[in-house]
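S.K.: With the input below, show me the fold.
(one chain, ligands or ions: 1)
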Amino acid sequence: MNEYIVDLFEFARTGRVAEGDVQLAALPRMVTEVPAEVSEAGRTQSVFHWRAEGSEKQVLRADGSPTVAQFLTLTVEGPMWLECQRCLTPYQEPLDSETTFEIVRDDAAAEARPLDEDELEALVGSKHFDLRELVEEELLLALPIVPKHEVCPSVHDSLATGSDGLAEPAPEPEEEDKPSPFAALAALKRSPDKDGK
Ligand SMILES: [Zn+2]
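M.R.: Next up is the predicted model:
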């Protein structure tokens, strides 16, 4: 049984609370954001805490009629490995976000909502809702657009020693395996000339 799968409608109706820790390594889309220099140990030690709270309350529709609406508040927090855009070394950025969603039945209901900035974000519920996917979604949204140290260390000691979860930068075999699309394009463009000569 996957503890992350819940009946979201029931979760909200009964005001349930669930919380837990999830490893960075278990979040595939977050893992791709981690700089290559961060070692396996560094990745494994990164853990995010999450908490989901369901609720239900009476609200007024745009036309003034009362209705019962369901909500989910999700908080996520924890340190994330990112590459500083100023000094290009990996560092840990503390992520912290809290979002309240209004749970809706389906995509049509989500689209029917007014596009008002004051409105809560719509979340399409389901009886087999995957909380982990939402946790990952929220963490991705919490990533800074331009990650950087508050103050860059002039010499990053841990990079040299490999401590602090950081490994020596490995040589990159990537260029051999994958020619860049531009190189491939250039080759294509060149070939007619070759034939002509
Ligand atoms: Zn920096």
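
S.K.: Show me the shaky parts of the protein.
M.R.: Under the criterion pLDDT under 70, the flagged ranges of the chain are 1, 115-117, 154-197.

S.K.: rerun at 50
M.R.: With pLDDT under 50 as the threshold, the chain has low-confidence stretches at 156, 162-163, 165, 174-177, 194-197.

S.K.: Tell me where it has helices.
M.R.: For the chain, the helices identified by DSSP state H occupy 8-13, 28-31, 40-45, 107-111, 131-142, 157-161, 174-177, 181-196, in order along the chain.

S.K.: List the buried residues in the second one.
M.R.: Think helix 28-31. Of the residues in helix 28-31, those scored as buried under the neighbour-count criterion (16 or more other C-beta atoms under 10 Å) are residue 30. For every residue, glycine as well, the C-beta is placed using N, CA and C.

S.K.: Quick one: distance of it to the chain centre.
M.R.: 7 Å (C-alpha atoms, centre = their mean, to the nearest Å).

S.K.: now for that helix, which elements pack on it?
M.R.: Under the contact criterion of 3 or more C-beta pairs under 8 Å, 6 or more residues apart in numbering; DSSP states H and E, helix 28-31 touches helix 131-142.

S.K.: what does the chain put close to the ion?
M.R.: 84, 86, 87, 149, 152 (C-beta under 5 Å from the ion).

S.K.: out of those, which is most surrounded?
M.R.: With neighbours defined as other C-beta atoms under 10 Å, the most crowded of the residues of the chain next to the ion is residue 84; it has 19 neighbours.

S.K.: separation between that one and residue 136?
M.R.: When distances are taken as C-beta to C-beta, to the nearest Å, residue 84 and residue 136 turn out to be 23 Å apart.
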